[in-house]
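*Asks:* next input, structure requested:
(2 chains)
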There are 2 protein chains.
Amino acid sequence: MDRELLFSARARSMKRSVIRELLKLTSNPEIISFAGGLPAPETFPVAEVAMATNKVLWEESDKALQYGSTEGDMRLRQDLADLMKQDGTPADPSNILVTVASQQGLDFVGKIFLDPGDTCVVGLPTYLGALQAFRSYQGRPVGVPLDDHGMRPDMLADIIRRLESENRRPKFIYVIPDFQNPAGVTIPENRRREIIRIAREGGYLIIEDTPYRQLRYTGKHEPTFQSMAPDSVLSLYTFSKILMPGFRLGWAYGPDWIIDKMVMAKQGTDLCSPPFNQAIAHHVMASGALQKGLVKTIELYARRRELMLSCLDNHLLDVPGIKWTKPEGGLFLWLTLPEGMDSDDMFHAAIQEKVAYVPGSAFYPDEDDHRSMRLNFSYASEMQICEGVKRLSALIHKQG
Amino acid sequence: MDRELLFSARARSMKRSVIRELLKLTSNPEIISFAGGLPAPETFPVAEVAMATNKVLWEESDKALQYGSTEGDMRLRQDLADLMKQDGTPADPSNILVTVASQQGLDFVGKIFLDPGDTCVVGLPTYLGALQAFRSYQGRPVGVPLDDHGMRPDMLADIIRRLESENRRPKFIYVIPDFQNPAGVTIPENRRREIIRIAREGGYLIIEDTPYRQLRYTGKHEPTFQSMAPDSVLSLYTFSKILMPGFRLGWAYGPDWIIDKMVMAKQGTDLCSPPFNQAIAHHVMASGALQKGLVKTIELYARRRELMLSCLDNHLLDVPGIKWTKPEGGLFLWLTLPEGMDSDDMFHAAIQEKVAYVPGSAFYPDEDDHRSMRLNFSYASEMQICEGVKRLSALIHKQG
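*Replies:* Reported below is the predicted structural model:
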């Protein structure tokens, strides 16, 4: 049989994730890696999970080890609605779908909205996993540049006008408003309003992907897109960065007509998210361990962020044309090299020097930025952050 | 915005699962339900899971609560390869992809093989979740009738010839060879050979979905399609029926070139299956609890099957034209009503009488069988099986 012909068109165009392949290179323990997006294992609430698990196994195993509803465990959905309310977003638990982390939310967005050739608007740069998900349905992401305050509304309006004039109306506008992956920037309230205005004017849906929202270290709280325009926003959340990734749990929140379709998509995809994990997550949340843990996680990451920024200041402030973002939260900052330097080329030299990052090109639909890199500050220890920035800086000085 | 137009064509054609909607009707505890496909909770190895979970949390939480590889936990993949070998199927752990149960395997089959309009061959009747998964990629399932020995090779050859002549070559042949869902029938070895011969002649891939394989109560062991034709078979397995569904773990096994593409699909879908659940499943398997539990599960289900068959004999043997299959394993049998009776119509009367089944039409691509029903014998207690069959029989006698 002709193998290539056997595959669907979408499968023929699939590529392996650049980041996940890079991460294999960086698995050597001598390499200090700023490449992944891993939370620090010291933040995992092991004892609380152990207690919750015992409760689940000894008191409700008949349900927790059985099939569950596609929508998710109603107790957990109530907890999540409460969490959203504390954050200023009115939320009805019946509009929550529990997903296999937010990547599944992105997959469903592709599945229910994108026909082959359909366009959608994304940031430049944007989350690689979103590009993968949208492309796996043969969608065509079109990029809108970010600045230090996130997606630029003027450029968004321009690009939408252009797409409309070409009869390529985008299916949705994808934003990561809080401490964006990879750029680390946050959209301020007035700009959120502006983006919503543009979306409403054209009748566009906004996909708000906000995995790091609870991880703010400085600056002022911004309202969610969901709280500002519940009729036209689908929001994606995850436990991966606020509790742990190993449970693979997240949730989608949006209007009935979208959640309803996502539930149908989920029925054919995996029937339900693991009821065992959902029951444990519920008891962890009910015990207050999520909120207590978050206080410590924020303390730890704030310190690491501060340290990375000051190390960068120490070693690189004298390099002309270099710059980096100063994120108010999240896991990442974004460094732009001086003109003439190439972060893709430099990657292999960096591996030689035993320090790793993700080249910025990975975050562009057309891979056309070669001067930037994403640096993660949540995973490496304080010692490693200092040493890693030193190694990276030496390399930049050498290449400069 | 026009909501319907916003959705992709595949989403516009999505329907809620008939079974999952029916199951909501049957949630009244007074109803004796033969409708679901639920394993008996008394088979869940609660103590063994508790011990394995403690081990995972206290000894390897850094890994188990972190992101994991897309392919899956290598220890678990080794366990699964060993399980397959014990079953007579040579298996290399590197050709295993751990999935969010076998439904995700079916979703990936749709995703990587089916372009809109592509045909694939399925049994008549067949697993509803497979129809949903294939249709969510706008595939067109074409049915081949089953008899008491599963898919009929003569009809398969005919239908493939017809599809080829219409330039609609199917992308794959989907079979559930062991104790088929919903019909409960098993394909004997010589017929497996025949199906493989037809597939090889035309260069077709076989998807072997075998969730119940380990649950044989009588009759002789049949070799897997995988063991007979590893070059052209992709096999899907699940923990749902042999351990518990609440972990949402399964696995796909096949040639490199397919598994490789499935790994790419999984990267964009959910990054990885829950490492926490995988680590626990590994320790449960390593402790021998899976095999020990299976002995008891088989004992329990064999008894329930025997009981349901003898109750049917007692109450319905005198009804002219009625028949039912006598499955050698699995969870289901398939009952065909006498000519003139309608299992869809009868469903609501059955709910009134407080007994439930799944009408056979749910398992046909064109819903064009109205005389059959699927009866599950794994979930209801012995008392309930007797009482439920009595209620159902009274109804059939009344309608006859």
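
*Asks:* going by C-alpha atoms from here, please, whenever you check contacts or count neighbours.
*Replies:* Will do.

*Asks:* what's around the residue of the stretch 151-300 of chain A found nearest chain B, how many residues?
*Replies:* Residue nearest to chain B within the stretch 151-300 of chain A (CA to the nearest CA): residue A:246, separated by 3.8 Å. By other CA atoms under 10 Å in any protein chain shown, the residues close to residue A:246 number 26.

*Asks:* verify the stated contact: it with residue B:272.
*Replies:* No: counting by CA atoms under 8 Å, residue A:246 sits too far from residue B:272 to count as a contact (9.1 Å).

*Asks:* which neighbours do the two have in common?
*Replies:* Both residue A:246 and residue B:272 are in contact with B:67-68, where contact means CA atoms under 8 Å, 6 or more residues apart in numbering or on different chains.

*Asks:* check the residue of the stretch 151-300 of chain A closest to chain B and give its pLDDT.
*Replies:* On pLDDT, residue A:246 comes in at 97.

*Asks:* phi, psi of the nearest residue to it once chain neighbours are set aside?
*Replies:* Distances taken as CA to CA, 6 or more residues apart in numbering or on different chains place residue B:65 nearest to residue A:246, at 3.8 Å, with adjacent residues excluded. Dihedral angles of residue B:65 (phi, psi; degrees, to the nearest 10) stand at phi -100, psi 0.

*Asks:* what's the neighbour count on residue B:65?
*Replies:* Neighbours of residue B:65 under the rule other CA under 10 Å: 27.

*Asks:* how about residues contacting the lowest-mean-pLDDT helix or strand in chain A?
*Replies:* Least confident helix or strand of chain A, by mean pLDDT, DSSP states H and E, is helix A:18-25 with a mean of 72. By CA under 8 Å, 6+ apart, the surrounding residues in contact with helix A:18-25 are A:35-36, A:358, A:362.

*Asks:* what's the most distant pair in those?
*Replies:* A:36 and A:362 (12.7 Å; CA to CA).

*Asks:* show me where the stretch 201-350 of chain A has strands.
*Replies:* Counting by DSSP state E, counting those that start in this stretch, the stretch 201-350 of chain A has strands at residues A:205-209, A:233-238, A:250-253, A:323-324, A:332-336.

*Asks:* which secondary structure elements does the third one contact?
*Replies:* Which is strand A:250-253. Packed against strand A:250-253 by the contact rule (3 or more CA pairs under 8 Å, 6 or more residues apart in numbering or on different chains; DSSP states H and E) you find strand A:96-99, helix A:101-113, strand A:233-238.

*Asks:* go on, the longest one?
*Replies:* Judged by 3+ CA pairs under 8 Å, 6+ apart, the packing partners of strand A:233-238 are helix A:101-113, strand A:205-209, helix A:225-228, strand A:250-253.

*Asks:* next up, the contacts around the residue of the stretch 151-300 of chain A closest to chain B.
*Replies:* Residues counted as contacts of residue A:246 (CA under 8 Å, 6+ apart) are A:240, B:64-68, B:274-276.

*Asks:* which of those sits closest to residue B:118?
*Replies:* Looking across the contacts of residue A:246 and measuring by CA to CA, the closest to residue B:118 is residue B:274, at 32.1 Å.

*Asks:* pretty sure the closest one contacts residue A:248?
*Replies:* Yes: with contact defined as CA under 8 Å, residue B:274 reaches residue A:248; the gap is 5.3 Å.

*Asks:* between the two, which is the more surrounded one?
*Replies:* residue B:274 (33 against 30).

*Asks:* separation between the more buried one and residue A:18?
*Replies:* Distance from residue B:274 to residue A:18, counting by CA to CA, to the nearest Å: 21 Å.

*Asks:* next: residue A:115.
*Replies:* Taken as CA to CA, the span from residue A:115 to residue A:18 is 25 Å.
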